[in-house]
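Peer 1: Need a 3D model of the sequence below.
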Amino acid sequence: MIAIIDYGMGNLRSVQKAFEYVGCEAVITQDPQVILNASHVVLPGVGAFGDAIRNLERAGLIDGIYRVVQDGRPFLGICLGLQLLFERSYEGGAFKGLALLPGEVKRLPEELNIKIPHMGWNELKYRANPIFEGLDDPCFVYFVHSYYVEPRVSEHVIGTTFYGMDITVAVNKDNIYGLQFHPEKSGVEGLKMLRNFARLK
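Peer 2: Below is the predicted model:
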C-alpha cells in the first residue's frame, strides 16, 4: 500500500488517482501509523516551503518520515515535496528542510528573462535509473514551480531540464527519490514513473 502524506498542501487526489490508474492501492493520510505501515510513501505538495514545514510539524509527521526513510522503504517527493527533502530553502525567508539530501532551494533567476513561475512542458534529460525504466527519449514532463533545488552531491542528480539554465529536476539517493515536475500530470510517461516507483523494493 502506498501512503500519500496529507499535510494540507497540494492536489493529493490527482496523485492518488494516477496511482490507482496504474493498478496501485494508494491512500491519502495524516495518520503517522498508516504511513509507518505503508510499503511506499509519497510526499507531494504545491505552495510555499515555510508553510509546508510548519504543517508537517503541526501534524506530527516529520518523525514518521525519518523512520520510513531509515527503514529503507521507497520514498518519493513530488514538486514541493522534492524541495522539502533538502537542507534549506530561501523562499520568503530562510527555512530549514528535512535535510534528507544535502543542498538548497533557490528562486529561479529573473535575470535569465524567463517566465516565473515555470509552467508547462519541458524535456526531461535523464540518466539510467529504475524510476525511469521504459521512458521515451526524448521525454516531456509538466512543471509548475518558481524555485529549484541545488544539490551539493552531483551523484544524486538523475534528471535535468533546460529553462534558461540547466536545472536539477530529479534526484535519487538510496531509497529516496524526488521529482520537481508532476508525474501525475505528465501523461503516459508520468504514469510509467509512478508505476516504476510502486515496483521498487
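Peer 1: Find the nearest non-adjacent residue to residue 64, please.
Peer 2: Once flanking residues are discounted, residue 64 sits nearest to residue 32: 4.2 Å by C-beta to C-beta, 6 or more residues apart in numbering. Yep, even glycine has a C-beta here, placed from its N, CA and C like the rest.
Peer 1: Check what pLDDT that neighbour gets.
Peer 2: What the model reports for residue 32 is a pLDDT of 94.
Peer 1: For it, what are phi and psi?
Peer 2: phi -60, psi -30 (degrees, to the nearest 10).
Peer 1: Would you enumerate the residues in contact with it?
Peer 2: Residues near residue 32 by C-beta atoms under 8 Å, 6 or more residues apart in numbering: 60-61, 63-64.
Peer 1: got it, and residue 167?
Peer 2: 108, 148, 160-161, 180.
Peer 1: By residue count, what's the longest helix in this structure?
Peer 2: Longest helix in the chain, counting residues (DSSP state H): helix 187-199.
Peer 1: Against which helices or strands is that helix packed?
Peer 2: Using 3 or more C-beta pairs under 8 Å, 6 or more residues apart in numbering; DSSP states H and E, the elements in contact with helix 187-199 are helix 12-21, strand 139-145.
Peer 1: Quick check: mean pLDDT of it?
Peer 2: Helix 187-199 carries an average pLDDT of 98.
Peer 1: Could you list the low-confidence segments of the chain?
Peer 2: Across the chain, nothing is flagged by pLDDT under 70.
Peer 1: roughly how far is the helix or strand that contains residue 158 from the heart of the chain?
Peer 2: Under the criterion of DSSP states H and E, residue 158 resides in strand 157-162. Put simply, strand 157-162 sits 13 Å off its chain's centre (C-alpha atoms, centre = their mean, to the nearest Å).
Peer 1: by contact count, what packs against that strand?
Peer 2: Counting contacts by 3+ C-beta pairs under 8 Å, 6+ apart, strand 157-162 packs against strand 118-126, strand 166-173.
Peer 1: Phi and psi next, for the closest residue to residue 82 other than its chain neighbours.
Peer 2: The shortest distance from residue 82 to any non-neighbouring residue, by C-beta to C-beta, 6+ apart, is to residue 178 (3.5 Å). In terms of degrees, to the nearest 10, the main-chain angles of residue 178 are phi -150, psi 140.
Peer 1: Given the strand holding residue 158, what are its sheet partners and their directions?
Peer 2: strand 118-126 (antiparallel), strand 166-173 (antiparallel) (DSSP bridges).
Peer 1: got a list of contacts for stretch 33-40?
Peer 2: 1-3, 5, 27, 29, 41, 61, 64-65, 67-68, 73-76, 197-198, 200.
Peer 1: So which bits of that stretch are buried?
Peer 2: Using 16 or more other C-beta atoms under 10 Å as the test for burial, stretch 33-40 gives 34-36, 38, 40.
Peer 1: of those, closest to residue 144?
Peer 2: residue 40 (23.6 Å; C-beta to C-beta).
Peer 1: Run through the bridge partners of the closest one.
Peer 2: Beta-bridge pairing of residue 40 under DSSP bridges involves residue 2.
Peer 1: And for residue 157?
Peer 2: Beta-bridge partners of residue 157, counted by DSSP bridges, are residue 171.
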